[in-house]
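Participant: Give the three-dimensional model of this entry:
(one chain, ligands or ions: 1)
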Amino acid sequence: MAKLSRIVVALLVIAMAVSLLAGCGGSQPAQEKKAEKKVIKISIGLNDASPEYKGLAKWKELVDKESKGRLEIQIFPSAQLGDDIKTMTALRAGTLEMSGPSSSPISTIDKKWMVFDLPFLFASEKIVDSVLDGPFGQKMLDSLSANGLVGIMYMENGYRQLTNSKHAVKTPDDIKGLKIRTMENPVHLAAWRKLGANPTPMPFSEVFNAMQQKTIDGQENPNTTNFLQKFHEVQKYTTVSNHVYTPFVIMYSKKLWDALPKEDQELLKKTGKEASKWQREHNRKVDAEALEGLSKAGMTVTKLTPEQTKAFQDTTKDIAAQFENDIGKDILAEVKAEIAKVK
Ligand code: TK8
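Facilitator: Residues are numbered from 1 along each chain as shown. Below is the predicted model of the structure:
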């Protein structure tokens, strides 16, 4: 009897071992499938309330659907993985897949990107759309590959507006002596110097603190950023100046992009087109609400009249000539021709 039960136990143990092994074997294809899933990390400087984040969340959704869950975009907001310049360096080294910096810091890698920094270059959203979605915009994106980056799409940051903690700004005279944070870009520095400010370049993630500590008096960013990053908590005056339009450039590490299968590259670009369009529409819907939000939060809002705007345009009008050689005469002529087509 005892012998029999020992045999039964032994048989049971064998049966369990076999079923476990079978289980392992059975799960192997599933594991392989899991390994095929590709995570694509993207870093942005703005927080998760920003229109850039929303646009990327839309893209994530489209990519998930089209790839049937095989490609997963993971968005890291608020410069958790580093500011614009740092993450572009990571992309070029191949240690991070994606980043969505402003166009302005790209000029630290390739000076022709300064073209988008020229004050008052794009007089309307219609011009923006036509230039960015046309051959010029595409050529700029394609040119990134010479520097280890792949331009996937543009997203909208928007027209930039000046905020400060000192007084309402209506004329270039009002800017005299204001300490203004600018992006890390020589054109912005030159333009603000021209306007009489004392400009200080700084990565975006340091701006809120610098305003709170009063090491700077102001900064400039679109209404959505000014509101959604809660700059109204540390700033008192907004001037709707629309002085420059710098897009976001959603980019991929060329090193890592080249390792992707062609079909994945195509899927990412195709869905990117749709996300880019969606994001621009979304941004334009929320810009006015953001300005209202700033006003409701207690900021004094000054909207420049066309005459007032002209004074800012006149003061900064020779900036383009000053940077003509850095940008390249061909690029400058091309963008001007594209703009002229729209007008
Ligand atoms: C976020 C920045 C930001 C830009 C700036 O990383 O630096 O002021 O407008 O949106 O790219």
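Participant: Buried ones in stretch 94-106, by neighbour count?
Facilitator: 96-106 (16 or more other CB atoms under 10 Å). (Glycine included, C-beta is placed from N, CA and C.)
Participant: quick check, it touching the ligand?
Facilitator: Yes: interface with the ligand: stretch 94-106 contributes 101-102 (CB under 6 Å from any ligand atom).
Participant: Now find how far off-centre stretch 127-141 is within its chain.
Facilitator: 16 Å (CA atoms, centre = their mean, to the nearest Å).
Participant: sorry, back to before: pick out the most distant pair among the buried residues of stretch 94-106.
Facilitator: 97 and 104 (21.9 Å; CB to CB).
Participant: pLDDT, distance to residue 319 and secondary structure for the buried residues of stretch 94-106 - can I get that in TSV?
Facilitator: Converted to TSV, these look like this (pLDDT from 0 to 100; distance: CB to CB, whole Å; DSSP: H, G, I helix; E, B strand; the rest coil):
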residue	pLDDT	distance to residue 319	secondary structure
96	98	33	coil
97	99	35	coil
98	99	31	strand
99	99	27	strand
100	99	26	coil
101	99	22	coil
102	98	18	strand
103	98	16	coil
104	98	14	helix
105	98	18	helix
106	98	18	helix
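Participant: nearest to the ligand, of the residues you listed?
Facilitator: Nearest to the ligand among those, counting by CB to the nearest ligand atom, is residue 102 at 3.5 Å.
Participant: Touching, the closest one and residue 85? I think so.
Facilitator: No: using CB atoms under 8 Å, residue 102 is not in contact with residue 85, being 10.4 Å away.
Participant: Can you name the residues that contact the residue in the stretch 151-300 of the chain positioned nearest to the ligand?
Facilitator: Nearest to the ligand, among the residues of the stretch 151-300 of the chain, is residue 204, at 3.6 Å (CB to the nearest ligand atom). By CB atoms under 8 Å, 6 or more residues apart in numbering, the contact list for residue 204 reads 45-46, 79, 83-84, 183.
Participant: what stretches of the chain score poorly on pLDDT?
Facilitator: 1-35 (pLDDT under 70).
Participant: how about the closest residue to the ligand within it, phi and psi?
Facilitator: Closest contact between the chain and the ligand, by CB to the nearest ligand atom, is at residue 45 (1.8 Å). The phi/psi pair for residue 45 (degrees, to the nearest 10) reads phi -80, psi -30.
Participant: Distance check, it against residue 209.
Facilitator: Counting by CB to CB, to the nearest Å, the separation of residue 45 from residue 209 is 14 Å.
Participant: and what of residue 58?
Facilitator: For residue 58 relative to residue 209 (CB to CB), the value is 31 Å.
Participant: ditto for residue 341
Facilitator: For residue 341, the distance to residue 209 - CB to CB - is 43 Å.
Participant: returning to that earlier point: from what I see, the residue of the chain closest to the ligand and residue 83 are in contact.
Facilitator: Yes: Residue 45 lies in contact with residue 83 (CB under 8 Å); the separation is 5.8 Å.
Participant: of these two, who's got more company?
Facilitator: residue 45 (27 against 19; other CB atoms under 10 Å).
Participant: check contacts around that one.
Facilitator: 78-79, 83-84, 101, 203-205.
Participant: more neighbours, residue 58 and residue 209?
Facilitator: residue 58 (18 against 12).
Participant: thought that one was touching residue 280?
Facilitator: No: between residue 58 and residue 280 there is no contact, the gap being 11.2 Å when judged by CB under 8 Å.
Participant: Residues of the stretch 201-343 of the chain that sit close to the ligand?
Facilitator: So the stretch 201-343 of the chain meets the ligand at 204, 221, 225 (CB under 6 Å from any ligand atom).
Participant: how does it look with 8 Å?
Facilitator: Contact residues (CB under 8 Å from any ligand atom) of the stretch 201-343 of the chain with the ligand: 203-205, 207, 219-222, 225, 246, 248.
Participant: can you put the residues you listed in TSV and add secondary structure and distance to residue 140?
Facilitator: Listed next are those as TSV, based on DSSP: H, G, I helix; E, B strand; the rest coil; distance: CB to CB, whole Å:
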residue	secondary structure	distance to residue 140
203	coil	23
204	helix	21
205	helix	26
207	helix	26
219	strand	26
220	strand	22
221	strand	22
222	coil	20
225	helix	22
246	coil	12
248	strand	13
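Participant: out of these, who's nearest residue 322?
Facilitator: Distances from residue 322 to those, taken by CB to CB, are shortest for residue 246, at 17.7 Å.
Participant: For that closest one, give me its contacts.
Facilitator: Residue 246 sits in contact with 102-104, 116-117, 157, 160, 183, where contact means CB under 8 Å, 6+ apart.
Participant: again, 10 Å this time
Facilitator: Residue 246 is in contact with 101-106, 113, 116-118, 121-122, 157-160, 183, 185, 187-188, 221-222, counting by CB atoms under 10 Å, 6 or more residues apart in numbering.
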